[in-house]
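In: Next input, structure requested:
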Amino acid sequence: MTERLDRFQRRRPAVGYPLAVVYKFVDDQGGYLAALIAYYAFVSLFPLLLLFSTTLGIVLAGNPDLQQRILDSAMSQIPLIGDQLGQPDRLSGGVGAIVIGVVGSLYGGLGVAVAAQNAMNVAWAVPKNERPDPITARIRGFGLLVTVGTAVIGVTVLNGFNAAGFFGSVAQVFVVIAAVVLNTATFVVAFRLGTTRPVTVRDVLPGAALAGVLWQVLQSFGGYYVQTVVGGADTTNGVFAIVLGLLAFLYIAALVVVLCIEVNVVRVDTLHPRALLTPFTDNVELTDGDRDAYTAQAEAQRSKGFEEIDVSFREPDSSPTPEPGP
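Out: Numbering: from 1, shown residues only. Okay, here's the model as predicted:
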């Protein structure tokens with residue numbers, strides 16, 4: 001049965017390609033890469049929310065019409081913030097809140113950018129000696145933060161206003177389509193700038209398009225979560241619902257991003273099909289995709305330019321292991 005399933009997925013790219021993406025994700029320990037991205041995103045989010053609430057208090061002051069529209073939206077259901085939207089002066093934390101928000105968001109945002117670069121370089125099997133040093137990585141990360149981070153925040157705000165009904169029911173569909181297009185363009189830029197390996201728009205477009213659609217789905221689900229789960233809870237439980245929801249959202253979003261990077265890598269480097277049982281046992285017949293994936297993984301450990309790594313494979317030994325002597 002296993003051999004028949006293996007032959008089936010090797011002959012059909014519609015099955016073998018997604019399986020190869022999952023196996024590449026496992027080879028690269030994608031779950032840990034995503035967890036690191038989610039951690040720094042979570043660290044940056046609360047200073048960003050502090051900055052957002054302070055800015056919101058300044059904007060709402062003296063604008064009763066905008067106050068009422070926001071009070072009628074899903075934003076009024078957010079614990080702590082929602083209770084104070086009718087009194088904008090209570091939202092503002094002053095200059096100190098702005099400074100803390102900017103510094104904290106910058107620290108967490110740079111962490112996200114560096115962790116994302118590491119994930120992309122691992123996925124593309126960039127040798128360690130060709131990856132940016134800690135200072136260069138943060139300089140590149142700041143560039144990513146200014147361009148990609150600003151675009152992501154902008155699209156998120158656009159989706160928030162759309163969910164609140166600011167654009168009308170007819171225009172909402174066009175806003176969602178525009179958001180998907182902007183998401184895709186943002187991920188194209190991120191996937192190209194985030195790795196030191198030269199890649200083209202054509203190389204990263206399929207994964208970026210998939211990430212753009214899935215990111216929009218996640219944000220739509222986030223709005224639904226706020227309206228149903230958070231909005232129906234009291235203040236204390238609502239805070240827990242927000243924190244746990246944010247953790248889950250950020251980790252799932254990071255998983256989506258890493259998987260979409262692997263989608264591009266497997267396609268560009270032709271790392272498919274893979275042997276069905278290759279993650280589980282040595283007693284398998286490796287495919288070309290297996291050999292290329294394992295070779296790239298080994299060569300990526302090169303730490304110096306003058307270090308040489310040679311990878312060879314022999315036929316697996318299917319004979320039983322002899323019992324140790326007395």
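In: Low-confidence bits of this structure, can you list those?
Out: Across the chain, the ranges flagged by pLDDT under 70 are 50-97, 157-171, 222-241, 317-326.
In: Just give me the residue closest to the centre of it.
Out: residue 254 (2.8 Å; C-alpha atoms, centre = their mean).
In: the helices in this structure, which residues?
Out: Along the chain, counting by DSSP state H, helices occupy 2-11, 13-27, 30-60, 64-71, 94-123, 134-144, 150-163, 168-193, 201-225, 235-268, 288-299.
In: Kindly reformat these as JSON lines containing distance to residue 279.
Out: Any C-beta I mention is one placed from the backbone N, CA and C, and that applies to glycine too. Converted to JSON lines, the helices of the chain look like this (distance: least, C-beta to C-beta, whole Å):
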{"stretch": "helix 2-11", "distance to residue 279": "13"}
{"stretch": "helix 13-27", "distance to residue 279": "6"}
{"stretch": "helix 30-60", "distance to residue 279": "13"}
{"stretch": "helix 64-71", "distance to residue 279": "50"}
{"stretch": "helix 94-123", "distance to residue 279": "17"}
{"stretch": "helix 134-144", "distance to residue 279": "30"}
{"stretch": "helix 150-163", "distance to residue 279": "33"}
{"stretch": "helix 168-193", "distance to residue 279": "25"}
{"stretch": "helix 201-225", "distance to residue 279": "22"}
{"stretch": "helix 235-268", "distance to residue 279": "14"}
{"stretch": "helix 288-299", "distance to residue 279": "10"}
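In: List the contacts of stretch 35-42.
Out: For stretch 35-42, contacts defined as C-beta atoms under 8 Å, 6 or more residues apart in numbering pick out 108-109, 111-112, 114-116, 118-119, 246-247, 250-251, 253-254, 257-258.
In: from what I can see residue 194 touches residue 144, true?
Out: Yes. If you go by C-beta atoms under 8 Å, residue 194 and residue 144 touch, sitting 6.5 Å apart.
In: can you list residues touching both of these two?
Out: By C-beta under 8 Å, 6+ apart, residue 194 and residue 144 have these common neighbours: 116, 117.
In: Compare those two (neighbour count), which wins?
Out: residue 194 (26 against 21; other C-beta atoms under 10 Å).
In: got the contact list for the more buried one?
Out: Contacts of residue 194 by C-beta under 8 Å, 6+ apart are 116, 117, 119, 120, 144.
In: Which of these sits closest to residue 19?
Out: Distance to residue 19 across the contacts of residue 194 (C-beta to C-beta) is lowest for residue 119, with 20.8 Å.
In: Run through the residues that contact the closest one.
Out: By C-beta under 8 Å, 6+ apart, the neighbours of residue 119 are 30, 33, 34, 36, 37, 194, 257, 258, 261.
In: check contacts around the second one.
Out: Under the criterion of C-beta under 8 Å, 6+ apart, the neighbours of residue 33 are 115, 118, 119, 122, 254, 258.
In: what about it, distance to residue 199?
Out: 18 Å (C-beta to C-beta, to the nearest Å).
In: Pull the number of nearby residues for residue 202.
Out: 9.
In: measure it to residue 184 for me?
Out: 13 Å.
In: What of residue 287?
Out: From residue 287 to residue 184 the distance is 31 Å (C-beta to C-beta).
In: Arrange the contacts of residue 194 in a markdown table, one row each, with distance to residue 22 as further columns.
Out: Shown next, in a markdown table, are those (distance: C-beta to C-beta, whole Å):
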| residue | distance to residue 22 |
| --- | --- |
| 116 | 20 |
| 117 | 23 |
| 119 | 16 |
| 120 | 18 |
| 144 | 27 |
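In: And those, which is closest to residue 131?
Out: Nearest member of the contacts of residue 194 to residue 131, counting by C-beta to C-beta, is residue 117, at 7.9 Å.
In: which residues touch that closest one?
Out: Contacts of residue 117 (C-beta under 8 Å, 6+ apart): 131, 132, 137, 140, 141, 144, 194, 195.
In: can you list the contacts of residue 33 in a markdown table and add distance to residue 291?
Out: As requested, the contacts of residue 33 are exported to a markdown table (distance: C-beta to C-beta, whole Å):
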| residue | distance to residue 291 |
| --- | --- |
| 115 | 29 |
| 118 | 25 |
| 119 | 24 |
| 122 | 19 |
| 254 | 29 |
| 258 | 23 |
